[in-house]
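*Asks:* model this:
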Amino acid sequence: MAYDLEKDIYRLLLGEAFFSAVSRNIQKVPSRGIPTAGVRITPDGNFELLYNEEFMAKLSDTHRRGVLKHEFYHLILEHCFKRSPDGHKISMRWNLATDMSINCHLKGELPSDKDKDGFAAVFPKNFGYADGLTAEQYYKLLEDDNKGESKCNGNHQNGEGQEGNSQPCDCGNFDNHEGWGEGNAELPQDIKDLARERLKEAMREGVKDVSKSSEGWGKIPMDIQKEIMRFINGTVDWKAVLRMFIGQAQRASKQNTVKRINRRYPYIHPGRKTNHTANIAISIDQSGSVSDELLSLFYAELDNLAKLASFTIIPFDTRVGEDKIYMWKKGERRNHERVMHGGTDFDAPTKYVNEHGEFDGHIVLTDMQAPAPKPSRVRRMWMTDMEGYEHPYFKTSERVIPVKRKVG
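*Replies:* Residues are numbered from 1 along each chain as shown. All right, here's what the predicted structure looks like:
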């Protein structure tokens with residue numbers, strides 16, 4: 001029988017709190033189209049782990065877990081987002097450099113004897129390099145030493161190089177990196193931004209789980225822990241977060257179907273179709289303390305988001321202006337407008353959304369200057385300016401995204 005990774009993933013990652021959280025946000029797809037395993041960003045800004053069932057089935061638990069961690073590290077260290085320093089999306093030298101930057105932290109967790117295990121992971125020692133460098137640093141070393149491209153003069157396991165061999169490097173680049181480039185076709189920048197924000201969310205979940213786990217960070221080294229914290233605490237791309245929120249609200253959105261052929265893996269995986277388009281409630285604080293500039297910024301992005309979904313615009317101050325509610329239909333363009341001028345009561349739009357069952361998510365644009373509202377029936381997110389983000393009137397565990405004002 002074919003190996004089912006999904007059934008085994010919990011057992012494999014038991015005690016690996018951070019990797020378990022990252023894993024929950026990655027779809028695992030068995031594929032005969034690749035010989036081993038690999039991760040990629042999908043065209044809709046999500047993540048997939050493709051794996052060959054026969055390859056995974058023959059590994060020991062230790063090596064299987066090591067392969068999973070290796071692939072997740074490619075995401076954590078943003079290798080999937082970067083081009084090779086030579087300008088190409090994929091190159092053998094870059095493949096080797098990224099793998100070495102990971103595998104030096106997975107000693108004992110990946111095979112190192114190709115004759116015994118069928119494949120061997122590449123380690124810095126294969127080239128005589130020190131452990132603990134970045135992918136960019138290993139790339140520079142390989143480039144300076146003229147190693148790792150059409151021919152390989154790494155040391156391998158027996159100390160013999162392959163100088164003059166015209167075959168591709170065989171130093172242990174075991175996993176598949178083709179999905180990073182989708183055949184050298186670049187993903188649009190907004191999709192990469194969306195994927196990066198989704199990755200931040202997954203890693204934030206991991207950091208929370210680490211704080212609750214008796215195992216802590218496990219074997220993740222201190223320098224990578226610092227890199228993770230730097231990444232998740234970096235500047236928030238609020239436009240990408242909005243797109244992510246809408247994507248997560250598309251409940252029951254995809255079903256397998258034989259009617260549509262999967263273009264990347266025809267006749268291997270079924271295609272998918274969408275049966276539901278998310279309907280998002282956008283509650284806009286109309287109080288006088290919310291600036292026209294903030295409204296303008298938000299409406300400009302809603303113009304772009306209307307390409308993805310329909311919204312119900314709900315103006316409010318101390319009450320909901322029910323006669324002013326309208327549907328912003330998918331594909332429409334609109335100018336921003338202010339239609340009310342009172343105070344602020346967040347219970348008003350929350351009550352309206354709770355009582356109307358057609359919404360999949362609720363976004364509130366406000367300056368955060370009012371008491372905390374009642375709980376929301378659907379997932380709720382807050383958008384505000386930096387002042388509201390840093391000095392809100394109330395604290396919330398819900399996502400709060402600052403929208404930066406234009407400079408100059």
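
*Asks:* from residue 375, how far out is residue 347?
*Replies:* From residue 347 across to residue 375, the span is 11 Å (C-beta to C-beta, to the nearest Å). Just so you know, the C-beta spots here come from the backbone N, C-alpha and C atoms, and that holds for glycine as well.

*Asks:* hmm, I typed the wrong one, I wanted residue 27.
*Replies:* With C-beta to C-beta as the criterion, residue 27 and residue 375 are 30 Å apart.

*Asks:* same thing with residue 388?
*Replies:* Following C-beta to C-beta, the distance that separates residue 388 from residue 375 is 21 Å.

*Asks:* what do you get for residue 103?
*Replies:* 46 Å.

*Asks:* equivalent analysis for residue 68, please.
*Replies:* 37 Å.

*Asks:* quick revisit: mind checking which of residue 347 and residue 375 has more residues around it?
*Replies:* residue 347 (16 against 9; other C-beta atoms under 10 Å).

*Asks:* pLDDT score assigned to the more buried one?
*Replies:* pLDDT recorded at residue 347 is 97.

*Asks:* could I get the helix or strand harbouring residue 240 in CSV with only the CA atoms?
*Replies:* Taking DSSP states H and E as the criterion, residue 240 maps to helix 238-249. Output of helix 238-249 as CSV, limited to C-alpha atoms (Å, rounded to 0.1, in the frame of the first residue of the first chain):
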residue,chain,number,x,y,z
TRP,A,238,-1.4,45.0,5.5
LYS,A,239,-2.6,44.5,2.0
ALA,A,240,-1.3,40.9,2.0
VAL,A,241,-3.0,40.3,5.4
LEU,A,242,-6.3,41.5,3.9
ARG,A,243,-5.9,39.1,1.0
MET,A,244,-5.0,36.3,3.5
PHE,A,245,-8.1,37.0,5.6
ILE,A,246,-10.3,36.7,2.6
GLY,A,247,-8.7,33.5,1.5
GLN,A,248,-9.2,32.0,4.9
ALA,A,249,-12.8,33.0,4.9
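
*Asks:* who touches that helix?
*Replies:* Helix 238-249 has contacts (C-beta atoms under 8 Å, 6 or more residues apart in numbering) with 44-46, 190, 193-194, 196-198, 201, 278, 280, 301, 304-305, 308-309, 360-361, 363, 378-379, 381, 383, 399, 401-404.

*Asks:* so which of those residues are in strands?
*Replies:* Those of the contacts of helix 238-249 mapping onto strands are 280, 361, 363, 381, 383, 399, 401-402, per DSSP state E.

*Asks:* from the residues you listed, which is closest to residue 60?
*Replies:* Residue 60 lies nearest to residue 399 out of the ones in strands among the contacts of helix 238-249, by C-beta to C-beta, at 40.3 Å.

*Asks:* just list the residues touching that closest one, thanks.
*Replies:* Contacts of residue 399 (C-beta under 8 Å, 6+ apart): 241, 245, 381-382.

*Asks:* the same query, at a cut-off of 7 Å, please.
*Replies:* Contacts of residue 399 were listed using C-beta atoms under 7 Å, 6 or more residues apart in numbering, and they are 381-382.

*Asks:* again, but for residue 302
*Replies:* 282, 311, 328.

*Asks:* check which helix or strand covers the closest residue to the first one other than its chain neighbours.
*Replies:* Spelled out, that is residue 282. Nearest residue to residue 282 in three dimensions, chain neighbours excluded: residue 311, at 4.8 Å (C-beta to C-beta, 6 or more residues apart in numbering). In the assignment (DSSP H and E), residue 311 maps to strand 310-316.

*Asks:* name the helices or strands packed onto the helix or strand that that strand is followed by?
*Replies:* Going down the chain from strand 310-316, the next helix or strand is strand 326-328, by DSSP H and E. Contacts defined by 3 or more C-beta pairs under 7 Å, 6 or more residues apart in numbering; DSSP states H and E place strand 326-328 against strand 310-316.
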